[in-house]
Each structure stands twice: as C-alpha cells, then as structure tokens.
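>>> next input, structure requested:
(one chain, ligands or ions: 1)
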Amino acid sequence: MIKLCSTEELAEGHSKGFEVAGKHIIAVKKYGDIHLYKNACPHLGVRMEMVPDQFLDTSHSLIMCAMHGALFRIEDGLCISGPCLNQALTEVSFEINEEVIYLVADED
Ligand code: FES
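Residues are numbered from 1 along each chain as shown. Modelled structure (predicted):
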C-alpha cells in the first residue's frame, strides 16, 4: 500500500491531488467521508484541475473538471452536468489505518 496523507491533512469540504507511483488521484472529504477517484475526466481522459488541489466547484459540493466544466457528485463520481453526463469518475481503492489514508497498490 502507498501512503497518501493523514485524514487530518484532507480538510472537510476540500480536495487534494496526488501523484504516486505514476497514478494521478483525487481525494475529497465530505461530511467526514473520504472519496478517492482517478484524476481522469471521462470526457477526454485528461487531468481535471487548473490549480493544484482545486477539484471542487465554488459551492464545494461537486467535483468539477476545469477543462469543460463537467460536474460530478462527490459521493459516487457520477457526472450530473457537462459533456460526459451520466458517466462516472473511476473509484480508487483505499484503506485508512491509524488516521492515515493508503492507496491499495494493485490498482491499474
Ligand atoms: S475534459 Fe473534463 S469536461 Fe471535458
């Protein structure tokens, strides 16, 4: 497993980006729950941020792709607006052990 960060480093209602072992990952915390997705927009397969660690819309309630503005639900990654409507971000497996988030290493 690959260490990403502590659960405290990921602030409530905020997002962080990681590049570990050649993988680009988005992490978001909402209502205390942590969600991890591949940083690859279903529209064109590109990374989604303009500014490091900024993956949310202005309301901090949806994940946003900065390329063409697609919006995704934080809880399941489903696109609810934009050119990839009804497609979803790819979830990434992780574990939390002693307040540290670990990526499960056998993801592709
Ligand atoms: S690449 Fe994400 S909306 Fe177009």
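>>> quick check: closest non-adjacent residue to V104.
The shortest distance from V104 to any non-neighbouring residue, by C-beta to C-beta, 6 or more residues apart in numbering, is to S93 (4.0 Å). Where C-beta positions appear, they are placed from N, C-alpha and C, glycine not excepted.
>>> typed the wrong thing, it's A66
M50 (4.0 Å).
>>> how much space separates the one you found from E8?
26 Å (C-beta to C-beta, to the nearest Å).
>>> which residues touch the residue sitting nearest the centre point of the chain?
Nearest to the mean C-alpha position of the chain, by C-alpha atoms, centre = their mean, lies I26 at 2.7 Å. Residues in contact with I26 (C-beta atoms under 8 Å, 6 or more residues apart in numbering) are 15-17, 36-39, 48, 55, 63, 89.
>>> any idea how far the nearest residue to G32 once chain neighbours are set aside lies from the ligand?
Nearest residue to G32, sequence neighbours excluded (C-beta to C-beta, 6+ apart): E12, at 6.9 Å. Distance check for E12 against the ligand: by C-beta to the nearest ligand atom, to the nearest Å, it reads 25 Å.
>>> do the same with V100
Separation of V100 from the ligand (C-beta to the nearest ligand atom): 30 Å.
>>> pLDDT value on the closest residue to that residue other than its chain neighbours, please?
Leaving aside its sequence neighbours, V100 sits nearest to S6 (C-beta to C-beta, 6+ apart; 5.4 Å). For S6, the model assigns a pLDDT of 97.
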